[in-house]
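S.K.: predicted coordinates and the sequence they were generated for:
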2 protein chains.
Amino acid sequence: MSIPARHPDIASRLGLSHLSPASADLLARGAREIVLPRGTTVFSPGQACPGWILVETGSVRVMMTADTGREILLYRVEPGESCLLTTSCLFGEEPYAATGQTETDVTALVLPASTVFHLVESEPEFRRLVFSGFGQRIGTILKTMEDAIFHRIEPRLARLLLARADAEGKLDATQADIASDLGSAREVIARHLGRLADEGILAKDRGHITILDRAALARLAAE
Amino acid sequence: MSIPARHPDIASRLGLSHLSPASADLLARGAREIVLPRGTTVFSPGQACPGWILVETGSVRVMMTADTGREILLYRVEPGESCLLTTSCLFGEEPYAATGQTETDVTALVLPASTVFHLVESEPEFRRLVFSGFGQRIGTILKTMEDAIFHRIEPRLARLLLARADAEGKLDATQADIASDLGSAREVIARHLGRLADEGILAKDRGHITILDRAALARLAAE
DNA sequence: AGGGGTCTGTGACTAGGTCACACTGAGATC
DNA sequence: GATCTCAGTGTGACCTAGTCACAGACCCCT
């Protein structure tokens, strides 16, 4: 009698083609697929790390939250990516230092810590999967922080608007969303947007912004 | 004719006792010891990473620097430690995102990237050495950043003074030193120190500070 | 039509960063 | 010993950002 593999395609979905049969089996037995509705808090500060997570569809917003309620976006975890903090929290045996929240409905693979430790020890391919992007991600976070600590809001806001806008220059975001991405306060964003609208650089609407003068905004972004 | 090992004790100095003979040899051949006088810039933003560094004596200050000249201390690398940014920069193949500068005379071991990659692949013990403290260090940096972005200077200054002072409450630091640790401006520190001195909490002297009322300072630190 | 929640606008105030410049003290040089 | 130099410090004026309080606008829902 043959035992059907629970997840016959897990290894290939992770892009792993050279696992030993024992490792492939361990992976197939350990992996669970989870579905998280939009707005779910995946982890929060002080929590221990339950396992290693790889996002398959949707995106998770990872942010730092202050006691005052202000928060700042550290990065997003997009499909095919794993989360720096989850990895470092797993290996450092430290609790999470930030909050993760689904921005959309999310499906993800979860591997128990023991499986991850074992595979990292024995499978070079898996090791690369886990640690890939580590350096880039740390660089991104440091850049974000540098921006928040040393630079003025206006150019940072301009860059965010340019990055988020679609081809027609439209983006959906409330002032609170923007403030939380930038680590600023809603009122501050309101004033800057107000001034930019007065100058004809953009148009505002409840929950939506339209960029009218991309060139002018790009000049502000370059400051 | 026997070839003398260049650094017969490198492995044991790194606390590695279970290396294969081939790995031990690779390590001994690759490792170089460097001596850096106080004030040397070890790395700076944009540089590629020349190899992996482990500090043996002295300490290296790792800081983020803004174009305005303001800077903030990320962490110090003390004896027996390696540098998070060096490791992540090596594995992420990204340039450095910060500046490292020796605070004292420093002796350190340097391993070429190829040696590190090889040993990380083949030696679990070495792998643990390289990645140990990764999680803790990331946590520390995030905490520092959170403090700088969301919290007021006064309690942060109070915590720094308490942490740096010796048993008699004395510490050697200029206002510029303190500002650079906190990611603030010298003038801001001057004003806060001035007020604390007026209140009798501390005494100032060119390059030196003496804490007079530890309890009061601790109350401010707790805010 | 009314009501509650979300989103936005704004004034008043405080904290912190920037700029400019003056002052002080300690070691170096004559 | 006088004075020169320079790192370190003190301070006012001004600007940006964050906080607090509150009002008004919009949206969906019944």
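M.R.: That came in fine, so what should we check first?
S.K.: so who does A:Arg159 touch?
M.R.: Residues in contact with A:Arg159 (C-beta atoms under 8 Å, 6 or more residues apart in numbering or on different chains) are A:Ala221. In this view, the C-beta of every residue, glycine as well, is placed from N, C-alpha and C.
S.K.: for it, give me the pLDDT.
M.R.: Turning to A:Arg159, the model gives it a pLDDT of 98.
S.K.: which residue is the nearest non-sequential neighbour of the residue sitting nearest the centre point of chain A?
M.R.: Geometric centre of chain A, nearest residue: A:Arg76, 1.5 Å, by C-alpha atoms, centre = their mean. In this structure, A:Arg76 finds its nearest non-sequential neighbour in A:Ser59, 5.0 Å apart by C-beta to C-beta, 6 or more residues apart in numbering or on different chains.
S.K.: please look at that neighbour and A:Gly80 and confirm they touch.
M.R.: No: using C-beta atoms under 8 Å, A:Ser59 is not in contact with A:Gly80, being 11.0 Å away.
S.K.: strands of chain A, residue ranges please.
M.R.: A:32-36, A:41-43, A:51-57, A:60-65, A:71-77, A:99-102, A:106-112, A:170-172, A:202-205, A:208-211 (DSSP state E).
S.K.: closest to DNA strand C out of the ones you listed?
M.R.: strand A:202-205 (5.2 Å; C-beta to the nearest atom of the strand).
S.K.: near DNA strand D, which residues of chain A? Just list them.
M.R.: For chain A, the contact set with DNA strand D under C-beta under 7 Å from any atom of the strand comprises A:Thr68, A:Arg70, A:Arg152, A:Ile153, A:Glu154, A:Gly183, A:Ser184, A:Ala185, A:Glu187, A:Val188, A:His192, A:Arg206.
S.K.: and the two most separated of those residues?
M.R.: Farthest-apart pair in the residues of chain A next to DNA strand D is A:Arg152 and A:Arg206; separation 26.5 Å (C-beta to C-beta).
S.K.: which one of the two has more residues nearby?
M.R.: A:Arg152 (11 against 6; other C-beta atoms under 10 Å in any protein chain shown).
S.K.: okay, and the beta partners of the closest residue to A:Val116 other than its chain neighbours?
M.R.: Nearest residue to A:Val116 in three dimensions, chain neighbours excluded: A:Trp52, at 4.5 Å (C-beta to C-beta, 6+ apart). Assessed by DSSP bridges, A:Trp52 has beta-bridge partners A:Leu111.
S.K.: who are the contact partners of A:Trp52?
M.R.: A:Ser82, A:Thr86, A:Thr87, A:Leu90, A:Val110, A:Leu111, A:Ala113, A:Val116, A:Val130.
S.K.: of these, select the buried ones using a ChimeraX command.
M.R.: To isolate the buried members of the contacts of A:Trp52 in ChimeraX, using 16 or more other C-beta atoms under 10 Å in any protein chain shown:
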select /A:82,86,87,90,110,111,113,116,130
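S.K.: of the contacts of A:Trp52, which belong to helices?
M.R.: Counting by DSSP state H, the contacts of A:Trp52 place A:Thr86, A:Thr87, A:Leu90, A:Ala113, A:Val116, A:Val130 in helices.
S.K.: isn't the first one up against A:Val55?
M.R.: What it means is A:Thr86. No: using C-beta under 8 Å, A:Thr86 is not in contact with A:Val55, being 10.3 Å away.
S.K.: in the least confident helix or strand in chain A by mean pLDDT, what counts as buried?
M.R.: Every helix and strand in chain A was compared by mean pLDDT, DSSP states H and E; the lowest is helix A:10-13, with a mean of 81. For helix A:10-13, the neighbour count (16+ other C-beta under 10 Å) marks A:Ile10, A:Ala11 as buried.
S.K.: need the contact partners of it.
M.R.: Helix A:10-13 has contacts (C-beta under 8 Å, 6+ apart) with A:Ser17, A:Leu19, A:Ala24, A:Leu27, A:Ala28, A:Ala31, A:Glu56, A:Leu109.
S.K.: so which bits of chain A are right by chain B?
M.R.: Residues of chain A lying close to chain B by C-beta under 8 Å from any C-beta of the partner chain are A:64, A:66-68, A:70, A:72, A:84-85, A:88-94, A:97-98, A:121, A:124, A:131, A:133-139, A:141-143, A:145-146, A:148-151, A:183.
S.K.: for A:Cys89, which non-adjacent residue is spatially closest?
M.R.: A:Cys49 is the one closest to A:Cys89 (C-beta to C-beta, 6+ apart), at 4.1 Å.
S.K.: could you turn the buried ones of the residues of chain A next to chain B into a PyMOL selection?
M.R.: Buried members of those, defined by 16+ other C-beta under 10 Å, are picked up in PyMOL with:
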select buried, chain A and resi 64+70+72+84+85+88+89+90+91+92+94+97+98+131+133+134+135+136+137+138+139+141+142+145+146+148+149+150+183
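S.K.: you'd agree A:Val60 is up against A:Thr102?
M.R.: Yes: under the criterion of C-beta under 8 Å, A:Val60 makes contact with A:Thr102 at 5.5 Å.
S.K.: which one of those two has more residues nearby?
M.R.: Neighbour count, other C-beta under 10 Å: between A:Val60 and A:Thr102, A:Val60 has more, with 24 against 20.
S.K.: ok, now how distant is that one from A:Gly207?
M.R.: 22 Å (C-beta to C-beta, to the nearest Å).
S.K.: can you check A:Ala97 too?
M.R.: A:Ala97 is 31 Å from A:Gly207, by C-beta to C-beta.
S.K.: before we move on, back to that, now the common contact residues for A:Val60 and A:Thr102.
M.R.: Taking C-beta under 8 Å, 6+ apart as the criterion, A:Val60 and A:Thr102 both touch A:Val42.
S.K.: would you mind writing the CA trace of stretch A:203-218 as CSV?
M.R.: Extracted in CSV, the C-alpha atoms of stretch A:203-218 (Å, rounded to 0.1, in the frame of the first residue of the first chain):
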residue,chain,number,x,y,z
ALA,A,203,-6.1,66.8,-6.9
LYS,A,204,-7.6,65.2,-3.7
ASP,A,205,-10.7,63.3,-3.2
ARG,A,206,-11.8,61.2,-0.2
GLY,A,207,-9.5,58.2,-0.3
HIS,A,208,-8.1,59.1,-3.7
ILE,A,209,-5.4,61.3,-5.1
THR,A,210,-4.6,62.2,-8.7
ILE,A,211,-1.3,63.6,-9.7
LEU,A,212,-1.7,66.4,-12.1
ASP,A,213,1.9,67.6,-12.6
ARG,A,214,4.3,64.7,-12.4
ALA,A,215,7.3,66.8,-13.3
ALA,A,216,6.7,69.2,-10.4
LEU,A,217,6.2,66.4,-8.0
ALA,A,218,9.4,64.7,-9.3
